[in-house]
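Participant: Could you look at this predicted model? Sequence included:
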Amino acid sequence: MSSSTEHITGHSGSASALLVIDLQESFRQRPNWQAVSDPGIAEKAGRLVTAARERGESVIWVLHSEPGTGTVFDPESGHVRLQDELEPYAGEPVLTKTAHNAFTTTGLQQLLTTRGIRALTIAGIRTEQCCETTARLASDLGYEVTFAIDATATTPTEHRDAPPGRSLAEILADPRTLPTTEIIARTEYALAGRFATIRTVAELTGEPATRTAVPGR
């Protein structure tokens, strides 16, 4: 593999896959989607998907499911599906998980082994939850992990002692609520140099970087 390709992909030459985690309609149905760090996350992930396909890399889609809960993550809700902007090509695996990480309740590791894949780029929702957890486990399993930091998104996190059932306005007004900028920064600090290489969409696709404002809450 040429050095120029290494720069674009962020991997050192191993067979690679793009892992798109939980970019599903469920999140859009929750009130806190109004405070999501990046409402255009599907578009950014889509750029990574296009670049991966052009390089002949695998694209693997993961959805989160909570059967029998009656929530937006219950398959019966009809929302456990990719956001409308995204569509798998024929032959691209779509896995369904019931845990935070994308490995332990799916056949992901077997799929990667079968395809000889040892390098993963991770994108999706939520930055610090399913994406970060998957990155940490993938690293411990020996995969070379690239974390597409601006192709992940999250929502503000309430303090552990916050009362349940509050409105989004009340959550955002609470000074103890952790804003999305801090959540994403903490994930970047935690993963970099330990579990993953941090890259941007522009770095991974070779596109010119664009600056977009990220809401603080």
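Facilitator: That came through fine.
Participant: By residue count, tell me the biggest helix in the chain.
Facilitator: helix 41-54 (DSSP state H).
Participant: Now do that helix: distance to the chain's middle.
Facilitator: Chain-centre distance of helix 41-54: 12 Å, with C-alpha atoms, centre = their mean, to the nearest Å.
Participant: Who are the packing partners of it?
Facilitator: On a contact count with 3 or more C-beta pairs under 8 Å, 6 or more residues apart in numbering; DSSP states H and E, helix 41-54 meets strand 15-21, strand 58-64, strand 117-125, strand 144-153, helix 201-205. Heads up, the C-betas are built off the backbone N, CA and C, glycines and all.
Participant: quick one: contacts for the residue nearest the centre of the chain?
Facilitator: Nearest to the mean C-alpha position of the chain, by C-alpha atoms, centre = their mean, lies Gly124 at 2.0 Å. When contacts are counted by C-beta atoms under 8 Å, 6 or more residues apart in numbering, Gly124 touches 19-23, 41, 45, 62, 130-131, 151-153.
Participant: pLDDT for those - can I get that in JSON lines?
Facilitator: Formatted as JSON lines, these follow (pLDDT from 0 to 100):
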{"residue": "Leu19", "pLDDT": "98"}
{"residue": "Val20", "pLDDT": "98"}
{"residue": "Ile21", "pLDDT": "98"}
{"residue": "Asp22", "pLDDT": "98"}
{"residue": "Leu23", "pLDDT": "98"}
{"residue": "Ile41", "pLDDT": "98"}
{"residue": "Ala45", "pLDDT": "98"}
{"residue": "Val62", "pLDDT": "98"}
{"residue": "Cys130", "pLDDT": "98"}
{"residue": "Cys131", "pLDDT": "98"}
{"residue": "Ala151", "pLDDT": "98"}
{"residue": "Thr152", "pLDDT": "98"}
{"residue": "Ala153", "pLDDT": "98"}
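Participant: Please identify which of the residues you listed is nearest to Gly91.
Facilitator: The shortest approach to Gly91 among these belongs to Val20, at 15.0 Å (C-beta to C-beta).
Participant: Tell me if I'm right that that closest one and Ala45 touch.
Facilitator: Yes. Contact status for Val20 versus Ala45: in contact at 5.6 Å, counting by C-beta atoms under 8 Å.
Participant: Show me whatever sits in contact with both of those two.
Facilitator: In terms of C-beta under 8 Å, 6+ apart, Val20 and Ala45 are both contacted by the residues 86, 123-124.
Participant: Among those, pick out the one closest to Leu168, please.
Facilitator: Gly124 (22.0 Å).
Participant: Right, I'll leave it there.
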